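S.K.: Have a look; sequence and predicted model below, questions after that.
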Amino acid sequence: MMDPLRVRDVREWTQAVGSDADYLDYLSQQVGLGEWAAFTRVFMPRFVEVEGCVLWDRVYEPGNFRIWHERLRGDATSIEATLNQFPLALYIDVAEDPDSEAAAQVLAEEIACSWDRCLRDAFPDRSFRVVASDTEDGPVVSFTTVR
């Protein structure tokens, strides 16, 4: 489980503020309503079902889906594996030091746990493989349906 105080920015801010400041105090001073709302969609995404594929709504675009459907000959697992990817490095600037890289990996694992719960809630009759992979480009959260 992620400890926000292991992330340098949060740790340094809470130490500078002193008293009993913690991660929630940090967020209340650093993040507005818009950011809070956007965070919810990262941790509680929506999904769409298209031709037997369960896709993260953010990656679904009909024209792109058609291309991958043709390229991968309708193989639903391959289509899901190709499209259902959230590479954290595209959206989060992670410092290149061991502590930051470890924190990014733990964040990816937390997101994967949340996605797994959301997928089970949205599709209770299905099983999914949700993974937080540690790649050379940083952590990637992905999922496929277990068939």
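M.R.: Nice, I can see it. Numbering: from 1, shown residues only.

S.K.: Just to check, W13 is in contact with Y26?
M.R.: Yes: the criterion here is CB atoms under 8 Å, and W13 meets it with Y26 at 5.2 Å. (C-beta placed from N, C-alpha, C; glycine too.)

S.K.: Out of these two, name the residue with the larger neighbour count.
M.R.: When W13 is set against Y26 and neighbours are counted by other CB atoms under 10 Å, the residue ahead is Y26, at 20 against 17.

S.K.: does that one sit in a helix, a strand or a coil?
M.R.: Using DSSP: H, G, I helix; E, B strand; the rest coil, the three-state assignment for Y26 comes out as helix.

S.K.: so who does it touch?
M.R.: Taking CB atoms under 8 Å, 6 or more residues apart in numbering as the criterion, Y26 is in contact with 4, 9-10, 13-14.

S.K.: what does stretch 56-74 rub up against?
M.R.: Counting contacts by CB under 8 Å, 6+ apart, the residues touching stretch 56-74 from outside are 41, 45-48, 50-51, 53, 55, 78-79, 82-86, 143.

S.K.: so how far is it from its chain's centroid?
M.R.: Offset of stretch 56-74 from its chain centre (CA atoms, centre = their mean, to the nearest Å): 20 Å.

S.K.: pLDDT (mean, whole number) over it?
M.R.: Along stretch 56-74, the predicted local confidence has a mean pLDDT of 98.

S.K.: Okay, now that stretch: how far is its last residue from its first?
M.R.: 18 Å (CA to CA, to the nearest Å).

S.K.: again with stretch 116-132
M.R.: For stretch 116-132, the first and last residues are 11 Å from each other (CA to CA).

S.K.: If you rank the contacts of Y26 by neighbours, which is first?
M.R.: V10 (20 neighbours).
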